[in-house]
Structure formats: C-alpha cells, structure tokens
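Chemist: Model the structure of this input:
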Amino acid sequence: MFSTALAEDAQLFPLEARHAEEFFAHMERGRAFIGRYIRFPDRAADLDSARALLAEYAVKAGQDGPRFFGIRLDGTLVGGVLFRVFEADRGNCEIGCWLEPDAAGRGLVTKACRVLIDYAFGERGMHRVEWHAAAGNTKSLAAAARLGMTRDGVMRENNLHRGVRQDTEIWSILSHEWAANRSA
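Modeler: The predicted model follows:
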C-alpha cells in the first residue's frame, strides 16, 4: 500500500475494504455533516454496509474505474477524496471529496485533490476533470474554485437527496489549463 504525505500530520492513502471499521467509525463521527450533500454516508449505515461500499469501489478500481482514497490526520481517518467517475477511454473523470468538520480549514481536501488531478492528467492522460457539487455546498464549490476549475453550469433540481431536490453545479478543468496553472 502507498501513502502520500499531504502535511506533516496528514496522509492520503487508498481506502480499501480492510479499512471498513475505521471508515465506519469515521462515518459515525461525521455522518450528519458529510451526509448533508453526499449519499454514501447513508450507504454505510452499519459495519457490513460500510465494508460492502468499500469492496464495491475496490472492484471498480480493479476495473480501472472509480476509486476511494482516505485522508488521515494524526493517524485518524477524517475524510477522503475519490474518483467518482473514471473513464480512461474517454479521457474524462470526476473527483469529489468529503471531510469531518473538525478537519476543515487545513487545506487537506485541496492538497488531496491536487494529487488526484496530477495523477489523472500526468499519469493517465485524462483530458477533463469534473467536479459536481450541490449548489448549497459552498465549501465544496470553494474547493473547486481553489483548484482553478471553471463553473460550467447548473443542472437544476437534478439530484434527489434525502427527499429534497437539489441543484448540482458542474465545474471542470482541462489538462492544458491544469498545466498552465501548475507552472504559474
């Protein structure tokens, strides 16, 4: 297994089914906050379903598809980033993030997303990286802006989450834009 340092006290690592207990404990701590805009906390309602969710993503990663990465702060899982969509054949992917409230404000999500974007463009030859977030999720939208993404538009009331229709903002960055931003 590999781990990438995000800060002296923070690491990014592949989140696998063997981390189910740690993941479930993390979901229990952050469920209300994380679940306001993201579905998978509802899918990890107990240890078995948390393990199944991580196993599902492990299978997808094995097929060169979507994958999960955890963020540990001082040895505790506090959030993560993911390739929610990974279409190497089309050159497109979508990244996303989540974080417990106590870990916010340290730049961990931005740093972790930079690792994923560098990998997508530099190692995998992707052309476009997207970011989809509920219009009310201002912290997520701010992260997309910090990453140099452009707001492409809004899909109105396209996402039914916990019985409420939400608008989804779509942001993106293209490989040549990322290269220009990184060299600036």
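Chemist: mind listing the strands for the protein?
Modeler: With DSSP state E, the ranges of strands along the chain come out as 4-7, 10-14, 67-73, 76-87, 92-99, 128-134, 150-161, 164-174.
Chemist: Run through the chain and note the low-pLDDT ranges.
Modeler: Residues of the chain that meet the criterion pLDDT under 70 lie in 1.
Chemist: Distance to Glu22 for the strands of the chain - can I get that in CSV?
Modeler: All C-beta spots, glycine's among them, are computed from the backbone N, C-alpha and C. As requested, these are arranged in CSV below (distance: least, Cβ to Cβ, whole Å):
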stretch, distance to Glu22
strand 4-7, 17
strand 10-14, 11
strand 67-73, 8
strand 76-87, 5
strand 92-99, 15
strand 128-134, 25
strand 150-161, 25
strand 164-174, 29
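Chemist: Save the ones you listed as JSON lines, and put in mean neighbour count and distance to Leu54 too.
Modeler: Listed next are those as JSON lines, based on neighbours: other Cβ atoms under 10 Å; distance: least, Cβ to Cβ, whole Å:
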{"stretch": "strand 4-7", "mean neighbour count": "14", "distance to Leu54": "19"}
{"stretch": "strand 10-14", "mean neighbour count": "19", "distance to Leu54": "10"}
{"stretch": "strand 67-73", "mean neighbour count": "22", "distance to Leu54": "7"}
{"stretch": "strand 76-87", "mean neighbour count": "21", "distance to Leu54": "11"}
{"stretch": "strand 92-99", "mean neighbour count": "22", "distance to Leu54": "14"}
{"stretch": "strand 128-134", "mean neighbour count": "21", "distance to Leu54": "21"}
{"stretch": "strand 150-161", "mean neighbour count": "12", "distance to Leu54": "21"}
{"stretch": "strand 164-174", "mean neighbour count": "17", "distance to Leu54": "25"}
